[in-house]
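> Sequence first, then the predicted structure, then my questions.
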Amino acid sequence: MASKERQSNFELLRILCMLGVLCNHVLQSLYADLNIAVNYPAHHFQVFLMSMSIIAVNCFVLISGYFRIEQSWKGFVNLFTQCAFYAITFSAIGLVLHEVTWMDALKRSVFALSESGMWFIVAYFGLYLIAPLLNAGYDNLPDSKKTPMLMMMLILDVYLGYMHQSAEVSVSGYHVIHFIVLYYIGCFISEKPIKALQTGGGYKWLAICVLCTMMHAIKVGFTPMAILFSFRYNSPMVLLASVTFFHWVMTWKIQNKWINWISASVLSVYLIHSQTVGGKVLFGACHYIYDTFAPIPAGLLLVATVVVFYMCCIFVDKLRIYICSPLNEKIVAKLNKKFIANNQEHTI
């Protein structure tokens, strides 16, 4: 399969997805009753915002499937050093503040991809490791069997995982199995986009979000409605909203170097706000605003706080890139040299 050149529309999607992750976590932090069906207007609006932002993680993985993960030492080293940089930095701060032990700091720093405490990093690393097998399996599957295979995978993820609540599969989508299903959907879309979702995609996505909000409200008197929609990544409605939004993004015609520049550092936003210190800064500020100001000023200040925090993380990561890039290049060069030398020895 010929590789696709990354376009700014997908880079903008990455930016929006990370903004969605922040909004999702801020909403959950401020409104503890979001998963409970409560019948008042402010709650419905909060649910609507959650319905819009919950697609973020799914869309991230759809991008990986659409473009395919190509394993390389450069990709692995860049991912590891980015995670390790923030693990070391925030572990050091935690040690100074007596919030972590030396053993925890050492584990998080050395095993930055598996001991981070961040489910997304662990699941994505698992997806990264198995990506060559997924690519080979998809490319060698006859076209006539790709759609049935997709349906079987959705039954695995949605029925056994979400509806049947099988912990062995993926109850909420916090699992590499869910990521594999999303990856396969991304591969499928790259070859066979659903035209019905590309036409008026934005309106259809908003309509789905409104429908999800209505479903959540109906749960007040009809609890079984949860089987169709909840704030879980493998919920049928969340998957539909994710795929619809992704198709809409495919129609955007954008090319901008600043979007690409920002997009290169969006993972830092997740890594920083997931750390204890980073979380205290963001969520502490949001709770102070929520508790201090009237609803409308508080809403505006909360949006500004999230955007400022987001951009600060981007600029911090640019400093991280400046520091780590020379080391990354040396490590990658040595690994490539070693790998090539070993291949030549086996060939001889």
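Everything's here; your move.
> Read off the pLDDT value for residue 290.
For residue 290, the model assigns a pLDDT of 93.
> Identify the residues contacting it.
With contacts defined as Cβ atoms under 8 Å, 6 or more residues apart in numbering, residue 290 is in contact with 30, 298, 302. Backbone N, C-alpha and C define where each C-beta goes, glycine included.
> could I have the host helix or strand of residue 206 exported to CSV, CA atoms only?
Taking DSSP states H and E as the criterion, residue 206 maps to helix 201-218. Backbone C-alpha positions of helix 201-218 (Å, rounded to 0.1, in the frame of the first residue of the first chain) are rendered in CSV as follows:
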residue,chain,number,x,y,z
GLY,A,201,-20.7,15.5,7.7
GLY,A,202,-20.6,18.4,10.2
TYR,A,203,-24.4,18.6,10.4
LYS,A,204,-24.7,14.8,10.7
TRP,A,205,-22.1,14.8,13.5
LEU,A,206,-23.9,17.6,15.4
ALA,A,207,-27.2,15.7,15.0
ILE,A,208,-25.6,12.6,16.4
CYS,A,209,-24.4,14.6,19.4
VAL,A,210,-27.9,16.0,20.0
LEU,A,211,-29.3,12.5,19.7
CYS,A,212,-26.8,11.2,22.2
THR,A,213,-27.8,14.0,24.6
MET,A,214,-31.4,13.0,24.2
MET,A,215,-30.6,9.4,24.8
HIS,A,216,-28.8,10.4,28.0
ALA,A,217,-31.8,12.3,29.2
ILE,A,218,-34.2,9.4,28.4
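> helices and strands around the helix or strand following it, which ones?
Following helix 201-218 in sequence order, the next helix or strand is helix 236-250 (DSSP H and E). Packing contacts for helix 236-250, counted by 3 or more Cβ pairs under 8 Å, 6 or more residues apart in numbering; DSSP states H and E, involve helix 8-30, helix 56-67, helix 176-191, helix 195-198, helix 201-218.
> Recalculate using a threshold of 10 Å.
Helices and strands in packing contact with helix 236-250 are listed as helix 8-30, helix 41-53, helix 56-67, helix 176-191, helix 195-198, helix 201-218; criterion 3 or more Cβ pairs under 10 Å, 6 or more residues apart in numbering; DSSP states H and E.
> quick one on the thing from earlier: now the angle from the helix holding residue 206 to helix 41-53?
For helix 201-218 against helix 41-53, the angle by axes from the mean of the first three to the mean of the last three Cα atoms, to 10 degrees is 130 degrees.
> Would you reformat the helices and strands packed on helix 236-250 as JSON lines and include distance to residue 165, mean pLDDT and mean neighbour count?
As requested, these are arranged in JSON lines below (distance: least, Cβ to Cβ, whole Å; pLDDT from 0 to 100; neighbours: other Cβ atoms under 10 Å):
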{"stretch": "helix 8-30", "distance to residue 165": "21", "mean pLDDT": "94", "mean neighbour count": "20"}
{"stretch": "helix 41-53", "distance to residue 165": "21", "mean pLDDT": "89", "mean neighbour count": "18"}
{"stretch": "helix 56-67", "distance to residue 165": "19", "mean pLDDT": "96", "mean neighbour count": "23"}
{"stretch": "helix 176-191", "distance to residue 165": "14", "mean pLDDT": "95", "mean neighbour count": "22"}
{"stretch": "helix 195-198", "distance to residue 165": "29", "mean pLDDT": "79", "mean neighbour count": "14"}
{"stretch": "helix 201-218", "distance to residue 165": "18", "mean pLDDT": "91", "mean neighbour count": "18"}
